[in-house]
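S.K.: sequence first, predicted model second:
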Amino acid sequence: MIVVLAGGVGAARFIEGLVRIVAEPEITVVGNTGDDATLHGLHVSPDLDTVTYTLAGAANPETGWGLAGDSFRTMEALERYRLPTWFRLGDRDLATHLFRTVRLAAGAALSEVTAEIAEAWGLRFRLVPMSDDAVRTRLRLAGGGEVDFQEYFVRLRHQVAVESIDYRGAASAFPAPGVVAALAAAEAIVLAPSNPLLSIAPILAVPGIGEVLARRRERVVAVSPIVAGRALKGPADHLLAELGHESSAVGVAQLLSPYVGRLVIDRADAVLGGRVSAVGVDAVVADTVMRTPEVAAELARVALSSVAGQP
């Protein structure tokens, strides 16, 4: 079994490649829910939905999130009532959030609802949230004030400096059912190319998850989301710098070194391999820019090969 710790768009593209080389029933994806939010009374799980829609072949190819060809008439109608619509929920996308909210209100756990949604979209791998408990990523801004992830990422377009991050609720959360057992039994554990501070760290903050990764470190490989000092998507590069980390594959290695034995870095960063190794993480060089599913499949193959035969 292969376990993937996943954020949103980058992780979804990696999983697209992974399912080309590993049978889907052999894959468990643990999704970040620190990005979850309540919008217009609905429980929205952006990272879980991005993985679902992408692997179902239904995601918007231009953005990587939301549904292809979706309309936004509901958002346009809400503007009449002067409600905030900076987070654009598509009309067909709303059905997913309505279903999730109704099921949660009926007493179902988030992991149960996530499995039901995945089945409805025809996914054959297991998709599970990191926890059934509420964990919310909160960011304290350098200029004062605190916002949740979606306000920072969408409303403010991640153009404001961040002073600190709090994974609120993580300390008292429990891993979702089966997560720790899957990690303990996995042949390989992959930290997909996702923001290490906003997508991977919230998962690791749930007690029990980081601990099992640390114990199985030689079976854990991460893919750096930073290439030549830049994030391919999102604010990972400048967020690393704002919080005192090096904005490079080396900075990613330093952050993840307690949990991963190997880091796949892009060919553009091959010169950094020695510095990555110096922090106790083996550097593996490959093409990490997933321009096509074929490139993503080769990246997944390299990542899995790097931990093959490890104790």
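M.R.: Arrived safely.
S.K.: all strands in the stretch 1-150 of the chain, in order from the N-terminus.
M.R.: Remark: strands assigned in the stretch 1-150 of the chain by DSSP state E, counting those that start in this stretch are 2-6, 27-31, 37-39, 42-44, 126-129, 136-141, 146-148.
S.K.: how is this structure carved up into domains?
M.R.: 2-134+171-307, 136-164 (automatic domain parsing).
S.K.: tell me the most buried of those domains?
M.R.: Highest mean neighbour count of those: domain 2-134+171-307, a mean of 19 (counted as mean count of other CB atoms under 10 Å). From N, CA and C alone the C-beta is placed, and that goes for glycine too.
S.K.: so residue 171 makes contact with residue 207?
M.R.: Yes. If you go by CB atoms under 8 Å, residue 171 and residue 207 touch, sitting 7.0 Å apart.
S.K.: export the domains of the chain to JSON lines and tack on mean pLDDT?
M.R.: Listed next are these as JSON lines, based on pLDDT from 0 to 100:
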{"stretch": "domain 2-134+171-307", "mean pLDDT": "97"}
{"stretch": "domain 136-164", "mean pLDDT": "94"}
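S.K.: could the strands of the stretch 1-150 of the chain go into CSV alongside distance to residue 175?
M.R.: Listed next are the strands of the stretch 1-150 of the chain as CSV, based on distance: least, CB to CB, whole Å:
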stretch, distance to residue 175
strand 2-6, 12
strand 27-31, 8
strand 37-39, 21
strand 42-44, 19
strand 126-129, 9
strand 136-141, 17
strand 146-148, 22
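S.K.: residue 72 is nearest to which of those?
M.R.: strand 37-39 (13.6 Å; CB to CB).
S.K.: which strands or helices does that closest one pack on?
M.R.: helix 149-150 (3 or more CB pairs under 8 Å, 6 or more residues apart in numbering; DSSP states H and E).
S.K.: hmm, who's touching the helix it packs on?
M.R.: Helix 149-150 is contacted from outside by 34-35, 37, 39, 46, 87, 136-139, 198, using CB atoms under 8 Å, 6 or more residues apart in numbering.
S.K.: among those residues, which one sits closest to residue 244?
M.R.: residue 139 (14.9 Å).
S.K.: got a list of what the residue lying closest to residue 222 once chain neighbours are set aside touches?
M.R.: What sits nearest to residue 222 in space, not counting adjacent residues and going by CB to CB, 6 or more residues apart in numbering, is residue 191, at 3.7 Å. Contact analysis of residue 191 by CB under 8 Å, 6+ apart lists 4-5, 200, 220-223, 256, 259-260.
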